[in-house]
Structures are given as C-alpha cells and as structure tokens.
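**Q** turn this into a structure:
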Amino acid sequence: MKILVVGNGGREHTIAWKLLQSKQVEQVFCAPGNGGTATLANCQNIPFKVEDFEGMGNFVKENNISLVVVGPEVPLSLGIADYFQKQNIMVFGPIQAGAQIEASKSWAKDLMLEAGIATAISAVFTDAKEAKAYITEKGAPIVVKADGLAAGKGVIVASTIEMAHQAIDTIFSGEFGKDNLIAIVEEFLMGEEASILAITDGKTIIPLLPAQDHKAIGDRDRGPNTGGMGAYAPAPLVTPELMARIETEVLQPVIATLQKRGIDYRGVLYAGLMISPTGELKVLEFNCRFGDPETQPVLSLLDTPLEEIILACCQQRLGVLPPLRWKPGAAVCVVLASKGYPGAYEKGYAIVGIENAEASGAKVFHAGTQLKDQQVLTDGGRVLGVTALGETFENAINNAYTALDRIHFEGMYYRRDIGYRVLNR
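**A** Take a look at the predicted model:
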C-alpha cells in the first residue's frame, strides 16, 4: 500500500511511523509533514497545505495512493473526507457533518443532550455582555470555551469572575478567529480527566487504551491551557469496569445519535472525560481525530498493525475485526516546547541530541520541526514529543526524562512532572 498522511504535527509523525512498521505498507507520503517525517525511511514529505484538497487529490491519483489518513481537525472540519469520498479515494476521518462534533462545541452539546450523555451544565452566548452577566450570576470557578476550533487553547478555567470576563473579551476580540465569536460558559467540574480515543466505522466503536494528558503549561497543572504538554497510557484511572461504562454511557449513545441524524461517521472519536472522586462520569468535549500527544503513547503500545484497523474502519467491518493486541507495560510522552508557548515564540533554532536520545531506547516524535540543509530546526510551539516504554509507569517516566536530557535547543521548555498523578496513586 501507498498511504498519504495529512498533517505536520507529532500525531502525524507517530501515525506515519506506525504505518511503516507494517509489511503491507510500501510507502507513506506526508502533506506537508515535518522534520521527523522527512527523515523516516520510505516516507516523503510533499509540500501541500492541509486545505489544498485538489492538490493532494491530484497527487494521490498520479501516485496510485490507495488510502488517505487525515490527522488534524481543520481539514476534517473543512470537508476533506467528503472531497476524497467523491473522488472514490478511501479516506480515514469523518465527513464534515460529523467533524462538527469538534468544530462546534455548541453543536456537540446539543448532540450530547439528544443522546442522553452526561455533560457539564452550560449556556451559549453570542453577546459578550450577556455572557458576563451570566458569569457574575453563577460565580467562580467557572469554565469559558470558544465555540470553534482553537488549537487546544480555547478553554479557560477561570478561578475568578474577573478572569472569566477577560476570557469572554478574548473570545469576542476575535483572538480565536473572526468567525469564532461564540462563547460557551460551563460549570466547573471537579475530578480527573481521561482521554478515550476510539475507532468507529459508524456502526461499531472500539476504544483504544485510555490515556491522560497534561494540558496546562506549568508543573502541577498551573498556567494557561496548551495543546498538551505530555501524556501517558494506559491510564489506571480508567479501570475495566469504568471503560465498560464509558462504552455504554458515552461511546455507543453518540454513535447511535449520529446514525439517527443520518451522519455516517468513520474515523476517530475522541472523548475527553471528567471522572469525579465519587466515580461520576461527564463528557468535557469530543474531538474528531487522534489526540496529540495521546497518540504517541497509545500507538507506541499498539501491537495490531494500524493499517488493518484503519482499513476495517473505512470498509465498515470493525465488527468482525479480531480483538486489538497491545504490548505490556506503560508508555509516556513528554513534550518539549519553545520558550513563550502557548503565547508568542521564536522559530529556527537548531536541535541537537535527537539521535543520542533515541539511542537510549526512546522514540522522539517531531511536532514543530523542519529539516533544512540536513539540520533539524524548531518550527512550532510544541517541538518534540519524547516517548518511552517501560514495564511500569515509573520505568517509562524515568526512560523518557533520561532521553530528553540528551536533547537541546535554544529556549527549550518542558514540564518536569508528567505522570505525577499515576506516581501518586
């Protein structure tokens, strides 16, 4: 098989790397890819933007590519799956109607209510003054969300009314896009978050190993939210009993409701959950793609060839797929970021030590990097995801941090406490 992977982040590097482990995969192309995919054997970057459906479509036909795997949410929300389906090209990722589950939080809330899925009490606002009045009435802590896509930065957990009002001003100033001027105000939920990545062909839904990520920029979850500073799997918080509840109370109802709405959803369904200290289960959000950085530890532990799962999904035969196989132990990913992220940061710094880090047994997945004159340079806010396996979480965490100590670039920043929850259990 020849496969096109759309995207340029750590998630896409991980997907390409995993696909190339299969004897059935001859070559992977990445559009546009990054410095990591550029150095993968049998992988080639092609300079198409993720919104250039026609350019990628022509390339797929000219190169006899049989499958397109879409990584990020933006092209899915713009209808890339619809485009390739019309071209009779097999594509992994939901159609535009299904991608609304991430592209519009208010749409997702309506879907959850229709499906009877437990979620936070919320209100939707198109007027800043009304939103602020509601916040003042409800008090803090409270959560403010931009309705549309915001690269993981559109959720503000406000500890004070003033902070929540500032979040409303940020949303309505157009910081998350001039078309993203709708705010969701939600009750603050106590508990631990869990990420459930599942594969669905629109009829059957199969959860992957549960993961936990670390969204805040600072240690002990302090500071603003990011796209994710690290993750680990399988999350002990999600016991087999809890996973069974998630399947019956969340995953199956949402697929049934999408079917009821006439939406043929094939691809990844990612449920972000809050688990209360008493075991109460509520959905924080849904995403229409693999999580980043959760993909790095989850796919590192996957033993079943990834393309087998993807093909079964696209061909709507997940119901007869044998049970997924997993490697024993645990996996941990620590993100190395540019100084200033999630705010302004500089690019173009040389990265050294990646080969030394991988010599220790870890895998370094590239996110915001580019290859220029045979030198890997920083090219984004989240730069690398150092991922390591271990017999235990303590082993995996130690292995990841031992490896990243061998890497350096100007302004390199990372959290020093990835996995702290699992170590404190």
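
**Q** CA only for contacts and neighbour counts going forward, please
**A** Noted.

**Q** give me the mean pLDDT for stretch 187-197.
**A** If you average the pLDDT over stretch 187-197, you get 96.

**Q** would you mark the buried spots in it?
**A** 187-189, 193-197 (16 or more other Cα atoms under 10 Å).

**Q** hey, C-alpha coordinates of it in CSV?
**A** Taking Å, rounded to 0.1, in the frame of the first residue of the first chain, the C-alpha atoms of stretch 187-197 are listed here in CSV:
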residue,chain,number,x,y,z
GLU,A,187,-20.0,24.8,35.3
PHE,A,188,-16.6,23.8,36.8
LEU,A,189,-16.2,20.1,37.3
MET,A,190,-14.0,18.5,40.0
GLY,A,191,-12.1,15.3,39.3
GLU,A,192,-9.5,13.8,37.0
GLU,A,193,-9.6,14.0,33.2
ALA,A,194,-9.2,11.0,30.9
SER,A,195,-8.8,10.8,27.1
ILE,A,196,-10.6,7.9,25.3
LEU,A,197,-9.6,7.5,21.7
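
**Q** which residues does it contact?
**A** 120-122, 141-143, 157, 207-213, 235, 237-238, 268-277, 290-291, 294 (Cα atoms under 8 Å, 6 or more residues apart in numbering).

**Q** then stretch 52-67?
**A** Stretch 52-67 has contacts (Cα under 8 Å, 6+ apart) with 1-4, 31, 48, 80, 83-84, 87, 89-92.

**Q** what of stretch 87-107?
**A** Stretch 87-107 is contacted from outside by 57, 66-70, 73, 76-82, 84-85, 108, 124, 146-149, 184, 258, 263-268, 285-289, 310, 313-314, using Cα under 8 Å, 6+ apart.

**Q** buried among those? Make that a ChimeraX selection.
**A** Buried residues within these, by 16+ other Cα under 10 Å, are selected in ChimeraX with:
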select :57,67,68,69,70,73,76,77,78,79,80,81,82,84,108,124,146,147,148,149,184,258,263,264,265,266,267,268,285,286,287,288,289,310,313,314
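
**Q** residue 406 is in contact with residue 353, correct?
**A** Yes. With contacts counted by Cα atoms under 8 Å, residue 353 reaches residue 406, the gap being 5.3 Å.

**Q** figure out how far the helix or strand where residue 11 lies is from the centre of its chain.
**A** Element membership for residue 11, per DSSP states H and E: helix 10-19. How far helix 10-19 lies from its chain's middle: 12 Å, per Cα atoms, centre = their mean, to the nearest Å.

**Q** so the residue located most distally from the centre of the chain: helix, strand or coil?
**A** The C-alpha centroid of the chain is most remote from residue 137, which lies 33.8 Å away (Cα atoms, centre = their mean). Under the three-state scheme (DSSP: H, G, I helix; E, B strand; the rest coil), residue 137 adopts helix.

**Q** what's the spacing between the spatially most central residue of the chain and residue 232?
**A** Closest to where the C-alpha atoms of the chain average out (Cα atoms, centre = their mean) is residue 291, at 1.6 Å. Distance of residue 291 to residue 232, given as Cα to Cα, to the nearest Å: 12 Å.

**Q** do the same with residue 99
**A** 26 Å.

**Q** of these two, which one has the most company?
**A** residue 232 (33 against 27; other Cα atoms under 10 Å).

**Q** which residue ranges of the stretch 301-425 of the chain form helices?
**A** 306-314, 354-359, 393-404, 420-423 (DSSP state H, counting those that start in this stretch).

**Q** pick the most deeply packed of the ones you listed.
**A** helix 393-404 (a mean of 22; mean count of other Cα atoms under 10 Å).

**Q** chain center to that one: distance?
**A** 22 Å.

**Q** same check on stretch 37-47?
**A** That offset, for stretch 37-47, works out to 21 Å (Cα atoms, centre = their mean).

**Q** for that stretch, buried residues please.
**A** Neighbour count says stretch 37-47 has 37-38, 42-46 buried, by 16+ other Cα under 10 Å.

**Q** quick one: which two of those residues are the most distant?
**A** Maximum pairwise distance among the buried residues of stretch 37-47 (Cα to Cα): 13.1 Å, between 42 and 46.

**Q** still on that earlier bit, right, and the helix or strand after the helix holding residue 11?
**A** Following helix 10-19 in sequence order, the next helix or strand is strand 27-32 (DSSP H and E).
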